[in-house]
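Novice: Dropping a prediction and its sequence here:
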Number of protein chains: 2
Amino acid sequence: MQFTLEHICEGSKARAATLETDHGSIRTPIFMPVGTQGTVKAVEQRELREMEAQIILANTYHLALRPGTEVLEEHGGLHRFMNWDGPVLTDSGGYQVYSLSELRKIEHDGVTFQSHIDGSYHRFTPERVLDIQRSIGSDIMMILDECPPADCGYDYARRSGELTLDWAAKARRWIDRTGPLYGHQQLAFGIVQGNVFEELRETSARGLMDIGFDGYAIGGLAVGEPAEVMYRITEFTTDILPQDRPRYLMGVGTPVNILEAIDRGVDMFDCVMPTRNGRNAMVFTPDGPLMIKKERFLHEFVPIDAECNCYACSNFTRAYIAHLFRTQEILGLQLASLHNLSFYLRLTRDARSAILKDRFPLWKEAFIRRYHSGRGSDTSTNEQPRSNL
Amino acid sequence: MQFTLEHICEGSKARAATLETDHGSIRTPIFMPVGTQGTVKAVEQRELREMEAQIILANTYHLALRPGTEVLEEHGGLHRFMNWDGPVLTDSGGYQVYSLSELRKIEHDGVTFQSHIDGSYHRFTPERVLDIQRSIGSDIMMILDECPPADCGYDYARRSGELTLDWAAKARRWIDRTGPLYGHQQLAFGIVQGNVFEELRETSARGLMDIGFDGYAIGGLAVGEPAEVMYRITEFTTDILPQDRPRYLMGVGTPVNILEAIDRGVDMFDCVMPTRNGRNAMVFTPDGPLMIKKERFLHEFVPIDAECNCYACSNFTRAYIAHLFRTQEILGLQLASLHNLSFYLRLTRDARSAILKDRFPLWKEAFIRRYHSGRGSDTSTNEQPRSNL
C-alpha cells in the first residue's frame, strides 16, 4: 500500500494525501459517491468521470444478495460488471445488517440475518464478507464490524467493541491467507467502534492498530448522536490513529459535517445525502440547500449553482429542473443527483486546495458562514446512515 | 416552408426527403423521440444529440397544464426552457383530451375537459391550441382535431371528420392572423381523420389540402384497429396527399409498423414505445425485442445489441442491465431508453439509406424476417397511443 501524506494544514489537523490503488490514485480529502448496488443512483459511469469522482463505494451486503458472487465472478468482478475502471471501496455489510435486515442474531463468530428483499436467511462472518469482497474485487475492503445504535449504552458498546476487535483479528488472518481473484491489489481497512465513549474508542483504535490495517475507518457515528459528539469522537480518534494511514469517516455527512471532520484529520467520506436528497428535490449550493420543487423556482432563469460547471448547471435553469420535479420526470432525479455529487466533489477538491495553501481554517469558516447565511439552510441533520438504499 | 423530396425508392412508395426548419434540417424518414413534458423521459438532451435525434415531439396539452404558457413565455419558449436547440413538433392536445382527461365535452367551437392532474377545467379551441403552440414556440404546430376511438362507427366518424375539418379551417385562419413569438418560423400540419373509412379519409384529406397546410398528419390510427387496417388506410391516404408535403403518421409504432408505413409513403413518426417499453425492461434488437429483466440475462456478457453504438451498448452488458432492472435502479431505465431510441433512430436512418440506394423493399423484407425469427418477437401490438404519459 502506498499512502503519501503530502501536507498538514497550518492551524488545523486537515491533511492532503494521496492513496495509490491499482485502479488509480485517490487525492484526499475525498468524497466517495455511493453506488450501493453497483450503480450510483441515476448517474451514468461516464458522468462520474466527468465530475472527477476518484473512487466510488459499493455495498457487500447488497451485491452479495444481488447479483450474487457467482455472477460477479463470472464477469471478472465489479469493475468489469459495472464498467467502472476507477477505485472501488466496499462496505463490509455490518452496517446494512444492522439497518436493513428484518432479523439479526449476532453470535461470537458472525451474524445471521434475513434479507430485506425476500426474507431469506444469510450468514456473515468476518471471513465470509472478505470472501465476498474478493469476488467483488474492491480496491478497498472493509472488515466486518458490529454497528450498535447511538443509544446502546456503555456496557453494550464495550461488549460490541470487543466483538468487533475479535472479528478484526479473524479478518486480518483471513486476509493474509487469501488473495485477490483478479490480479489487482485489495487493501483492507479496520473499523474503529466504541460508540460515544472515548475510552472504548481508544481501546478499539489501538487494538486495530496492533492488528495492523492499510487504513482505519471511524464507524458507528452519524447514527443519531449530536453533531458536536460526532466531532469530538472523530477528533479523539484521529489523534490516536497513525499519521501514515488513511482515515475514513463512514456515512458522513452534510457539507459542514465533512469540513469539520476534515479539520479534525479525516481523509475519506461517503454519504447517500447528495444522491438521496437530490432524488427528493433538495439541491446543494454555496448559499445553502434549495428545495428546488417549490413553485417560485419556475421563475428563476439561472442555474442551481452559478459557480458549478456540472452538466446540470451548465445547461439547465432552476425553472426547468423545478418543472421536472413537479411533473415527476426522471431527468429531474438525474440532474439533481449529478449536480449534488459535483457539489460534494468540488467541496473536497476545494478543501484539498485550501489545505495545500495552508488556508483551510479560514476557507472553512468562510464556506460555513456563507452556507448558513444563504437562501436555504443546512436543515438536514447528521442523522445519516453510513450506508444506503 | 422548404420541403425537398429527394428520392422515391424503386418498387416502393418509400420517400427520402429533407424538411428545413429554423432549428435545423430534418432528413426523412425520421423517428421523433417523444418528450411530452419538455423532456424525453430518462434521457439527457446531450444524449439526444449523441443518438442523432433530429427533431423531438412535445405535447401542447401537458405543457399548457405544466409549466403553463406564462412560464414558457417568460423563458422565451420551450427550446430555451429545456435547452434543446433542434426542431420541436408539438401535438395539438386533441389526442390527450381524448385519452387522458376525466371528462370532455366536445362542442362546435372546441372542447372542455378536466385536467388529469388536478381535475381543473380547461377549454381547447382551434385558436387556443395554436396560441399555446405559439407560446411553446414549436417548429411544427399541429391543429386541433377530434380523435374518435377505433370502434366509433361510420356516423360518428363522419360527424367527427366534419368537425375536425371545420376546426382546421378556423385554425388556418388563426395561423394566418397570428405570428411566431420568438422570431423563428412555425409550420402547421393538418391532421387527416376519418377512422377506418376510406371515403371519410378522402374527404378529410382533400378538405385539408384545399385549406392548405405545410404538412399532413394521419391521425386516428394505431388506436386499436388491426395492423392491416392501419396499413391500408395509411396507403389510401398517402396516395391522396401531395408529394411535395411531409406526411406524418401519428403515434406509430413498432419497428415493423414503421417500416410498413415508410413503404407506403410516410415520412415522419413518433411513438412512446421505445421509451415506455424501455422503462418496462423491453429492449429492441435486430433479432426482436428482449425482456432484459429475465434471470438468464445475468449470465450474458454481451451488449443488448452488438450492432448498436449507443452508450448503453458500447459500455454495458446484458448482465449489468438485467441487474439494474432486477434491483430497480434508475440507471436501468436510462440505459434501456437510450438504447431503444438509438435503435429507432438507426432504423429510420437505415431506411433512408436503403431508399436512396433503391433497395428499400429488399432491406425491409430482410429486417422483418430477422426481427421475427430472432430470440424475441415483436410481441407488442400496434395499439399504441399516438401520445404519451
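Specialist: Cool, the structure landed. Numbering: from 1, shown residues only, chains lettered A, B, ... in the order given.

Novice: can you give me the strands for the stretch 251-389 of chain A?
Specialist: Shown for the stretch 251-389 of chain A, the strands assigned by DSSP state E, counting those that start in this stretch span residues A:268-270, A:282-283, A:290-291.

Novice: Just name the most buried of those strands.
Specialist: Of all the strands of the stretch 251-389 of chain A, strand A:268-270 carries the top mean neighbour count, a mean of 26, counting by mean count of other CB atoms under 10 Å in any protein chain shown. Glycine gets a C-beta too; all of them are placed from N, C-alpha and C.

Novice: Phi first, then psi, for residue A:104.
Specialist: phi -140, psi 140 (degrees, to the nearest 10).

Novice: Look at residue A:294 and say how many residues are nearby.
Specialist: Neighbourhood size, residue A:294 [other CB atoms under 10 Å in any protein chain shown]: 14.

Novice: typed the wrong thing, it's residue A:70
Specialist: 11.

Novice: Which strand or helix spans it?
Specialist: helix A:69-74 (DSSP states H and E).

Novice: Report the distance from that helix to the chain centre.
Specialist: Relative to the chain's own centre, helix A:69-74 is displaced by 24 Å; criterion: CA atoms, centre = their mean, to the nearest Å.

Novice: now stretch A:45-61
Specialist: Here stretch A:45-61 is found 11 Å from its chain centre; the criterion is CA atoms, centre = their mean.

Novice: near chain B at all, it?
Specialist: Yes - with CB under 8 Å from any CB of the partner chain as the criterion, chain B is reached by stretch A:45-61 at A:45, A:46.

Novice: mind checking the end-to-end distance for that stretch?
Specialist: 21 Å (CA to CA, to the nearest Å).

Novice: before we move on, what about stretch A:43-52?
Specialist: End to end - CA to CA - stretch A:43-52 spans 13 Å.

Novice: Look up the closest residue to residue A:75, ignoring the ones flanking it.
Specialist: residue A:81 (4.5 Å; CB to CB, 6 or more residues apart in numbering or on different chains).

Novice: Likewise for residue A:89?
Specialist: That would be residue A:140: by CB to CB, 6+ apart, it lies 4.0 Å from residue A:89.

Novice: and that neighbour, what does it touch?
Specialist: A:21, A:55, A:87, A:88, A:89, A:90, A:186, A:187, A:188, A:189, A:214, A:215 (CB atoms under 8 Å, 6 or more residues apart in numbering or on different chains).

Novice: Turn those residues into JSON lines, columns for pLDDT, neighbour count and secondary structure.
Specialist: Putting those into JSON lines (pLDDT from 0 to 100; neighbours: other CB atoms under 10 Å in any protein chain shown; DSSP: H, G, I helix; E, B strand; the rest coil) gives the following:
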{"residue": "A:21", "pLDDT": "98", "neighbour count": "22", "secondary structure": "strand"}
{"residue": "A:55", "pLDDT": "98", "neighbour count": "26", "secondary structure": "coil"}
{"residue": "A:87", "pLDDT": "98", "neighbour count": "26", "secondary structure": "coil"}
{"residue": "A:88", "pLDDT": "98", "neighbour count": "27", "secondary structure": "strand"}
{"residue": "A:89", "pLDDT": "98", "neighbour count": "25", "secondary structure": "strand"}
{"residue": "A:90", "pLDDT": "98", "neighbour count": "26", "secondary structure": "strand"}
{"residue": "A:186", "pLDDT": "98", "neighbour count": "24", "secondary structure": "coil"}
{"residue": "A:187", "pLDDT": "98", "neighbour count": "23", "secondary structure": "strand"}
{"residue": "A:188", "pLDDT": "98", "neighbour count": "23", "secondary structure": "strand"}
{"residue": "A:189", "pLDDT": "98", "neighbour count": "24", "secondary structure": "strand"}
{"residue": "A:214", "pLDDT": "98", "neighbour count": "19", "secondary structure": "coil"}
{"residue": "A:215", "pLDDT": "98", "neighbour count": "22", "secondary structure": "strand"}
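
Novice: Am I right that residue A:20 falls within a strand?
Specialist: Yes - secondary structure of residue A:20 (DSSP: H, G, I helix; E, B strand; the rest coil): part of a strand.

Novice: I'd say it and residue A:2 touch.
Specialist: Yes - taking CB atoms under 8 Å as the definition, residue A:20 is a contact partner of residue A:2 at 4.0 Å.

Novice: which one of these two has more residues nearby?
Specialist: Neighbour count, other CB under 10 Å: between residue A:20 and residue A:2, residue A:20 has more, with 16 against 11.

Novice: ok, that one - contacts?
Specialist: Contacts of residue A:20 by CB under 8 Å, 6+ apart are A:1, A:2, A:3, A:4, A:26.

Novice: and the residue lying closest to residue A:352 once chain neighbours are set aside, how many neighbours?
Specialist: With sequence-adjacent residues excluded and distances taken as CB to CB, 6+ apart, residue A:352 is closest to residue A:16, at 5.1 Å. Residue A:16 is flanked by 23 other residues according to other CB under 10 Å.

Novice: Chain B versus residue A:16, what's the distance?
Specialist: 33 Å (CB to the nearest CB, to the nearest Å).

Novice: can you check residue A:183 too?
Specialist: 18 Å.

Novice: Does that residue belong to a helix, a strand or coil?
Specialist: Per three-state DSSP, the secondary structure class of residue A:183 is coil.

Novice: just the strands in the stretch 1-150 of chain A please.
Specialist: A:2-8, A:15-21, A:24-28, A:30-32, A:56-59, A:88-91, A:104-107, A:110-114, A:121-124, A:140-142.

Novice: What is the first one packed up against?
Specialist: In other words, strand A:2-8. strand A:15-21, helix A:330-356 (3 or more CB pairs under 8 Å, 6 or more residues apart in numbering or on different chains; DSSP states H and E).

Novice: Within the sheet, what are the partner strands of the shortest one, with directions?
Specialist: Applying DSSP bridges to the sheet, strand A:15-21 is found paired with strand A:2-8 (antiparallel), strand A:24-28 (antiparallel).

Novice: export these to TSV and tack on mean pLDDT and distance to residue B:128?
Specialist: Output for these, formatted as TSV (pLDDT from 0 to 100; distance: least, CB to CB, whole Å):
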stretch	mean pLDDT	distance to residue B:128
strand A:2-8	98	65
strand A:24-28	98	58
